[in-house]
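**Student:** Got a predicted model here, sequence first, then my questions.
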Amino acid sequence: MPVINRIAEFHDDMITWRRHLHAHPELQFDTIKTAAFVAERLKDFGVDEIVTGFGRSGVVGVIKGRGDGPTIALRADMDALPITELRDLPHKSTNPGVMHACGHDGHTTMLLGAARYLAETRNFKGSVALVFQPAEEGGGGGLEMVKEGLMTRFGIDQIYALHNWPGIDVGRFETRAGPIMAASDLFEITVLGRGSHAAMPHQSIDPVLVASAITQNLQSIVSRGCDPNDALVISVTQIHTGEVHNVIPEAAEMSGTVRTLKPGLNDWAAGEITRVAEKTAQAYGATANVRYEKSYPVTVNDADAVAFAMSVAGNLVGAQNTNAMAPPSLGAEDFAYMLDERKGAYVFIGQGESAGLHHPEFDFNDEISPLGASFFAKLVETAQPVG
């Protein structure tokens, strides 16, 4: 696998870092020990500036190159997920109910590997900002870092991120211009009916029946209300109601998620969800109260940044191992907030065949760490060459 020789030399160190992080996962903004580990490694590498507690619990390191120039930023996420790990690995999570099921331990390791190499060689002009972000998994850590002034404080001109992807071959990079990850919103619906004995359903307004009808009717928004060319997902993921088997309850609580790739489509979907829920409940003599909350926006890659990143990847692994027309994912990513502020690209690196992301048997593939670190390093050296 074509990696930078120096980075290949400390591959064993990267495996040690990654497995340490995997064994000690932390959630959202509680990445205190993870951040301390990152900061200590950056100090060991001789990084010029290390800022901790940025975006509540993030770390930003700055390496100065040879001579004046712009600042390019590289971002990795640090947080884990509230999932119980199933595989009995030597580096299995020691924090019950928490595991690195999305590979953020590997993302952090790849950026640490790039940091070590770049601090040693400094074969670039200007600066590189190393952004280690907390709370990607639902906490909005990217937004917190942006709100705290990430781009202006560190003078960032462009920014890039890597995410491992199961099913893409090892040694392959994929991305696309425009929307690559979806906006992710949530909704909650409270159905209010009238309870009764289950043996006397005619005395009730059954919220279980109403919730079931709402669930079915919400799918007509996607199949009949939305342009088939526009990606839209509406998934009801929870219905909670009742306490005993022989009582029709008074109310039912529903919740779910909305995913869209077209900016603004979620606003339309919010109105349609409210209309369908309220009118369906009314048809049964019940009422429905809807709460809709926006979360991560669409992750939109800059076209020029994509072309540049794929050129760098092509020089590293060969153009035949890159794909600049990858299909977008309906998953969500709060790197979107950073791309709203500066041009850049979000790139997938092949993980090979493995359990899927967020699966309790997932483990990051250590084989790809030197390749990801080399890609990060080459982004910097190519974007800001010396001389």
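**Tutor:** Great, that's in hand.
**Student:** partner residues bridging residue 184?
**Tutor:** Assessed by DSSP bridges, residue 184 has beta-bridge partners residue 259.
**Student:** Give the burial count for it, as a bare number.
**Tutor:** By other CB atoms under 10 Å, 23 other residues sit near residue 184. In this view, the C-beta of every residue, glycine as well, is placed from N, C-alpha and C.
**Student:** and if you look at residue 387?
**Tutor:** 5.
**Student:** which residues sit in contact with residue 265?
**Tutor:** Listed by CB atoms under 8 Å, 6 or more residues apart in numbering, the contact set of residue 265 reads 226, 230, 232.
**Student:** Which of those residues has the largest number of neighbours?
**Tutor:** residue 232 (23 neighbours).
**Student:** Quick check: that one vs residue 153, distance?
**Tutor:** 37 Å (CB to CB, to the nearest Å).
**Student:** and what of residue 224?
**Tutor:** Separation of residue 224 from residue 153 (CB to CB): 48 Å.
**Student:** Same drill for the two, tell me which one is more crowded.
**Tutor:** residue 153 (13 against 7).
**Student:** how far away is the more buried one from residue 53?
**Tutor:** From residue 153 across to residue 53, the span is 13 Å (CB to CB).
**Student:** How about residue 43?
**Tutor:** The separation that residue 43 has from residue 53, given CB to CB, amounts to 15 Å.
**Student:** how deep is residue 290 tucked in, by neighbour count?
**Tutor:** The burial metric for residue 290, expressed as a neighbour count using other CB under 10 Å, is 19.
**Student:** same question but for residue 48, I mixed them up
**Tutor:** Using other CB under 10 Å as the criterion, residue 48 is surrounded by 12 other residues.
**Student:** Now it. Its backbone dihedrals?
**Tutor:** Dihedral angles phi and psi of residue 48 (degrees, to the nearest 10) take the values phi -70, psi -40.
**Student:** got a list of what it touches?
**Tutor:** Under the criterion of CB under 8 Å, 6+ apart, the neighbours of residue 48 are 62, 63, 64.
**Student:** Tell me where the chain has helices.
**Tutor:** For the chain, the helices defined by DSSP state H cover 5-9, 11-23, 32-45, 104-121, 141-147, 150-153, 207-220, 265-283, 303-317, 336-341, 369-383.
**Student:** nearest to residue 76, of these?
**Tutor:** Using CB to CB as the criterion, the shortest distance between residue 76 and the helices of the chain is 3.9 Å, found for helix 104-121.
**Student:** rewinding a little: which one of the contacts of residue 48 sits closest to residue 87?
**Tutor:** Nearest to residue 87, judged by CB to CB, of the contacts of residue 48 is residue 63 at 35.8 Å.
**Student:** Can you tell me how far that closest one is from residue 112?
**Tutor:** With the distance defined as CB to CB, residue 63 ends up 12 Å from residue 112.
**Student:** So between the two, which is more surrounded?
**Tutor:** Residue environment comparison for residue 63 versus residue 112 gives the larger neighbour count to residue 112, 28 against 25, counting by other CB under 10 Å.
**Student:** residues in contact with that one?
**Tutor:** Residues counted as contacts of residue 112 (CB under 8 Å, 6+ apart) are 14, 17, 38, 41, 42, 373.
**Student:** Can you give me the separation between it and residue 193?
**Tutor:** When CB to CB is applied, the distance between residue 112 and residue 193 equals 55 Å.
**Student:** Likewise for residue 34?
**Tutor:** Where residue 193 is concerned, residue 34 sits at a distance of 47 Å (CB to CB).
**Student:** How about residue 367?
**Tutor:** Note on residue 367: its distance to residue 193, by CB to CB, is 55 Å.
**Student:** Neighbour count: those two, which is higher?
**Tutor:** The residue with the greater number of neighbours, taking residue 367 and residue 193 and applying other CB under 10 Å, is residue 193; the counts read 25 against 15.
**Student:** Just want the phi and psi numbers for that one.
**Tutor:** Residue 193 adopts backbone torsions of phi -120, psi -140, taken as degrees, to the nearest 10.
**Student:** Let me see the contact set for the closest residue to residue 21 other than its chain neighbours.
**Tutor:** Sequence neighbours aside, residue 105 is the residue nearest to residue 21 in space, at 3.9 Å (criterion: CB to CB, 6 or more residues apart in numbering). The neighbourhood of residue 105, defined by CB under 8 Å, 6+ apart, consists of 18, 21, 22, 25, 80, 364.
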